[in-house]
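Engineer: pasted the sequence and its predicted model underneath.
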Amino acid sequence: MRLRLVPQETNWDFFGRWKLWFGISGLMIVLAMVSFGTRGLNYGIDFRGGTTIRTQSAEPVDVGAYRDAIAALGLGDVTITEVFDPNFAEDQNVAMVRIQAQDGQEAVTAQMIADVEGALQGVVPDINFVSVESVGPKVSGELIQTAVIAVVLAIAAVLFYIWLRFEWQFAVGAVLALVHDVALTIGVFSELNIRFDLAIIAALLTIVGYSLNDTVVVFDRVRENLRKYKQMPLKQLLNLSINETLSRTMMTSVTTLIALIALFVLGGDVIRGFVFAMIWGVIVGTYSSIFVASAILLRLGVKRDWSKQDPSAGTRFADVDA
Amino acid sequence: MLQFDLWKRVLIWGICALGLLLAMPNAFYTRVETHNDAVTAMERGSTAPGLQEQAGMWPSFLPSGLVNLGLDLRGGAHLLAEVQVADVYETRMQGMWPEIFAVLREERGQIGTIRLQRSAPDELRIRLNEKPEAVGEAAALVRGLARPVVSLTGAGSSDIEVTTEGADVIVALSEAERLATDDRTVQQSLEIIRRRIDEVGTREPTIQRQGSDRILIQVPGIGSASELKDIIGTTAQLTFQPVVTRTSNPDMPAGAGNELLPAEGNDPSSRASEEGVYYVLEKAPVVTGEELVDAQPSFDTNGRPAVSFRFNPTGARKFGDYTANNIGNPFAIVLDDAVISAPVIQSHIPGGSGIITGNFTVEESTNLAVLLRAGALPAGLSFLEERTIGPELGADSIAAGKIACIVAGAAVLFFMIASYGLFGVFANVALVINVALIFGMLSLIGGTLTLPGIAGIVLTIGMAVDANVLIFERIREELKTAKGPARAIELGYEKALSAIVDANITTFITALILYVMGSGPVRGFAITLGLGILTSVFTAIYVTRVIIVIWYSRKRPQKIEV
């Protein structure tokens, strides 16, 4: 009486409608990019500079009153949002106040923070400032740069590793799948207007890692089957490999999702955005390793016949076991 | 076929046991923390009542390493400060002017009168009023004052760069000297900040240099970033005071115009470090630290470590007068109301520079030089980033993280048993060991657990089963070809290995990049993710395997179901 996520023997055709899947993926990427281009991302202070203050009080949050109190200080763009979380106690009312980076100041000013805190205390006497974070524009610029470098570096390193362990076609397939995942994640963050900060970059890189994990497992089976069934058409062989690993793919995705959903629901609002990115990444990553990475591999083709010398390849140790 | 050498089994179980042992203190976090604090306090020589008792709360033969909690979990303040290194150039150039002036005035016949022009703060612009044509000679004279740069990279170049422009001689610090100065300035600022924060006595502050001119300061448990800035901003008070007498009586009446100050007890750099030594000093200082320009570790004429110092002109005059009149008497160097040193004046010290000798070791003289310089930060600080996290937010996050971990763990455990039966139980044992190993390794390397780090652990719980899933699915497949259970198990492990290794190495690469590029919480995430990959591969390919081997050799089942 075992729990089976997929039937024991599957022989599903994953490539019959490859045009449809490519179309869907392409369309999603276009939508994601359009959203990113038009709406942009809701950058956190890590990337945009500015100050966030997390307040907590026994009294219910009155966003209007908060806004009026701070508006008097003339600090430019101020966003106030109330935070809800099932973990909060009855008398725990939390709000996030975000103040834009002040013009012409590289450093952060303690005075401004003190002013805002004073103003809010005027409205709600028992208010508590549970966290105050300020990032100067100088640092935030650098943080964006580092983040972009980190993502690009990660993808490049992985491209190289897979090229080393497999063939270049595999590497291209895996990396396009990664780009697909990262693009869709950015699209979702843009569309849902979720705060995009440093932790999300960590999540993005984890998605890169996870999606690869999935892709590599499928590719590993493809590599094995390529040696085993020398005459089988590539399409059929890829299909077989995916079907053979399908049970594992689903098991791992589901266990990871279970753990992440527990964290999403119970882990508190501070890391919810982060966990959301990872949940989305697991779903998209699973999809892409089947429908993007493998499909690209199918389009690119794989060199099958190792018995003939490949003049361009030079001496390859792979020839030995062919 | 399914065999494990004895030594391998011993090694595998040994590693697991060690991991569990190292992880154990974290289960009793507050208790072990109290113990550790008490032990440190006693090592420092504190004899407060109850310390012995607190130290006894955790047996000393057990490991007491704990996972550090990041700021986001413990609460505290984080500052990223940029040292305004250019501030120092200005002081340096101003300090150089009297010397240049003296040299040029001596050669008045050749170059005529000179005048200092307004200029950028980091250079001196000297105009030759009468003989603009002699500008080359004047520049040569100034160049004669250049000293070699004292640094590894700048060796061979001189500290100033002298150029001419019309009738002006322009003196500025050379590139090599700037770099060397910047480095010294940041280093000094770092030491001063560390000293000030240590004085407040908070637990495990992080004070780190970042890049060429930045300092990262993280202090757990402090109320707010502005409080921290106040601490850093306080100037330590340094004075040189005449000593009236030395005593061991803490209640000795000091007399009018005098004060009784303790010798700094717990500072190894102090010459007067004996416990219970007090000095009666004249209240009015001879010179104050504001008049001190520099202090460097050096050596006296006998080659013994010493500290050389230099006053500005007014300080030099006062100090010279005082030493001339008090040869043979001790005077006290007082830092923040504690006597750090009370040397005897050996001779008249004119010119404002002197040397403090004593039975110093090189390290002690270096420390004392730092203490003397610690009067004021050498350059201004501007704060690029500041974060305050309240302790209650951190506590909430820990509580939420704990519950999430337990629920996630339980759900995964259940799911594994439902899917793989007995083999699922094996995988679960490995999973529990896995989490313990992560904590054990974190404690061992003194890693920091942050909120994203907790997410990393939860993610690892989810993904750790992946390696086992790969193996079990493979065993299932091999069972279909009916080679018998032992062979199927063996093949399952063998064939799943390449997928496990490749999949985990790629994830490990991303964790590595995150660690190198990230900072703070993100780095905490990278650490737990990276450690989680290592431990999960280890538990999957060794621990579950040993368990399965033991089970198989006991039961010898004819048929297995995975």
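Structural biologist: Ah, there it is.
Engineer: can you mark which positions in the helix or strand residue B:396 falls within are buried?
Structural biologist: Element membership for residue B:396, per DSSP states H and E: helix B:391-420. Going by neighbour count (16 or more other Cβ atoms under 10 Å in any protein chain shown), the buried part of helix B:391-420 is B:391, B:393-394, B:396-398, B:400-401, B:403-405, B:407-409, B:411-413, B:415-417, B:419-420. All C-beta atoms are positioned from the backbone trio N, CA, C, and that covers glycine.
Engineer: from the residues you listed, list the ones also adjacent to chain A.
Structural biologist: Near chain A, judged by Cβ under 8 Å from any Cβ of the partner chain, the entries from those are B:393, B:396-397, B:400-401, B:403-405, B:407-409, B:411-412, B:415-416, B:419-420.
Engineer: got the contact list for residue 296?
Structural biologist: Chain wasn't specified; assuming chain A. Counting by Cβ atoms under 8 Å, 6 or more residues apart in numbering or on different chains, residue A:296 makes contact with A:169, A:172, A:173, A:176, A:177.
Engineer: sorry, I should have been clearer: chain B.
Structural biologist: Here residue B:296 is in contact with B:307, B:308, B:309, B:369 (criterion: Cβ under 8 Å, 6+ apart).
Engineer: state the distance from it to chain A.
Structural biologist: 31 Å (Cβ to the nearest Cβ, to the nearest Å).
Engineer: secondary structure class for that residue?
Structural biologist: strand (DSSP: H, G, I helix; E, B strand; the rest coil).
Engineer: which residues does it bridge with?
Structural biologist: Under DSSP bridges, the beta-bridge partners of residue B:296 are residue B:308.
Engineer: now do the contacts for the most centrally placed residue in chain A.
Structural biologist: Centroid check for chain A by Cα atoms, centre = their mean gives residue A:204 as the closest residue, at 3.5 Å. Applying Cβ under 8 Å, 6+ apart, we find residue A:204 in contact with A:151, A:182, A:185, A:186, A:277, A:281.
Engineer: which strand or helix spans it?
Structural biologist: Going by DSSP H and E, residue A:204 is in helix A:198-228.
Engineer: what pLDDT, on average, does that helix get?
Structural biologist: In this model, helix A:198-228 has an average pLDDT of 86.
Engineer: which other helices and strands does the helix or strand that comes right after that helix contact?
Structural biologist: Where DSSP H and E defines the elements, the next helix or strand beyond helix A:198-228 is helix A:234-266. Packing contacts for helix A:234-266, counted by 3 or more Cβ pairs under 8 Å, 6 or more residues apart in numbering or on different chains; DSSP states H and E, involve helix A:198-228, helix A:272-288, helix A:294-300, helix B:391-420, helix B:451-480.
Engineer: quick check: next helix or strand after the least confident helix or strand in chain B by mean pLDDT?
Structural biologist: Of all helical and strand segments in chain B, the minimum by mean pLDDT, DSSP states H and E falls on helix B:362-373, at a mean of 68. For helix B:362-373, the following helix or strand on the C-terminal side (DSSP H and E) is strand B:381-389.
Engineer: that following strand pairs with which strands?
Structural biologist: strand A:128-135 (antiparallel), strand B:76-83 (antiparallel).
Engineer: alpha carbons of stretch B:447-457, as CSV, please.
Structural biologist: Provided in CSV are the C-alpha atoms of stretch B:447-457 (Å, rounded to 0.1, in the frame of the first residue of the first chain):
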residue,chain,number,x,y,z
GLY,B,447,28.7,29.6,11.7
THR,B,448,25.9,32.1,12.1
LEU,B,449,22.3,31.0,11.7
THR,B,450,20.1,33.7,10.1
LEU,B,451,16.4,33.7,9.2
PRO,B,452,17.1,32.8,5.6
GLY,B,453,19.5,30.2,7.1
ILE,B,454,16.5,28.6,8.7
ALA,B,455,14.8,28.6,5.3
GLY,B,456,18.0,26.9,4.0
ILE,B,457,17.6,24.1,6.6
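Engineer: what's the distance between it and the middle of its chain?
Structural biologist: Distance, stretch centre to chain centre, for stretch B:447-457: 20 Å (Cα atoms, centre = their mean, to the nearest Å).
Engineer: same thing with stretch B:434-441?
Structural biologist: 25 Å.
Engineer: and it with chain A, contact?
Structural biologist: No. Stretch B:434-441 lies out of reach of chain A by Cβ under 8 Å from any Cβ, never closer than 11.6 Å.
Engineer: can you list contacts of that stretch?
Structural biologist: B:15-16, B:18-23, B:26, B:67, B:409, B:447, B:457, B:460-461, B:464, B:528, B:531-532, B:534-536, B:538-539.
Engineer: sorry, back to before: including distance to residue A:127, could the helices and strands packed on helix A:234-266 go into JSON lines?
Structural biologist: Output for the helices and strands packed on helix A:234-266, formatted as JSON lines (distance: least, Cβ to Cβ, whole Å):
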{"stretch": "helix A:198-228", "distance to residue A:127": "26"}
{"stretch": "helix A:272-288", "distance to residue A:127": "23"}
{"stretch": "helix A:294-300", "distance to residue A:127": "54"}
{"stretch": "helix B:391-420", "distance to residue A:127": "13"}
{"stretch": "helix B:451-480", "distance to residue A:127": "23"}
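Engineer: and residue B:512, which of those is closest to it?
Structural biologist: For residue B:512, the closest of the helices and strands packed on helix A:234-266 is helix A:198-228, at 10.3 Å, according to Cβ to Cβ.
Engineer: can you pull out the strands in the stretch 51-200 of chain A?
Structural biologist: A:78-83, A:93-100, A:128-135, A:195-196 (DSSP state E, counting those that start in this stretch).
Engineer: which ones are touching the closest residue to chain A within the stretch 201-350 of chain B?
Structural biologist: Going by Cβ to the nearest Cβ, chain A is nearest to residue B:226 of the stretch 201-350 of chain B, at 4.9 Å. Contact partners of residue B:226, counting by Cβ under 8 Å, 6+ apart, are A:110, A:113, A:114.
Engineer: what does the stretch 151-300 of chain B have sitting close to chain A?
Structural biologist: B:224, B:225, B:226, B:229.
Engineer: by neighbour count, which of those residues wins?
Structural biologist: Neighbour tally across those (other Cβ atoms under 10 Å in any protein chain shown): the maximum, 26 neighbours, falls on residue B:225.
Engineer: how much space between that residue and residue B:191?
Structural biologist: 21 Å (Cβ to Cβ, to the nearest Å).
Engineer: for chain A, what is the nearest residue in the stretch 51-200 of chain B?
Structural biologist: Taking Cβ to the nearest Cβ, the stretch 51-200 of chain B has residue B:80 as its residue nearest chain A, at 6.4 Å.
Engineer: now do the contacts for that residue.
Structural biologist: A:139, B:210, B:214, B:215, B:216, B:217, B:383, B:384, B:385, B:386.
Engineer: again, only using 10 Å
Structural biologist: A:107-108, A:135-136, A:138-139, B:210, B:214-218, B:382-387, B:519-520 (Cβ atoms under 10 Å, 6 or more residues apart in numbering or on different chains).
Engineer: now swap in residue B:558 and tell me
Structural biologist: B:484, B:485.
Engineer: how about the secondary structure of the closest residue in space to residue A:165 that isn't next to it in sequence?
Structural biologist: Of all residues not flanking residue A:165 in the chain, residue B:502 sits nearest, at 5.8 Å (Cβ to Cβ, 6 or more residues apart in numbering or on different chains). Put simply, residue B:502 is helix when judged by three-state DSSP.
Engineer: so for residue B:502, what pLDDT did the model give?
Structural biologist: Reported pLDDT for residue B:502: 85.
Engineer: residue A:157 and chain B, how far apart?
Structural biologist: Taken as Cβ to the nearest Cβ, the span from residue A:157 to chain B is 5 Å.
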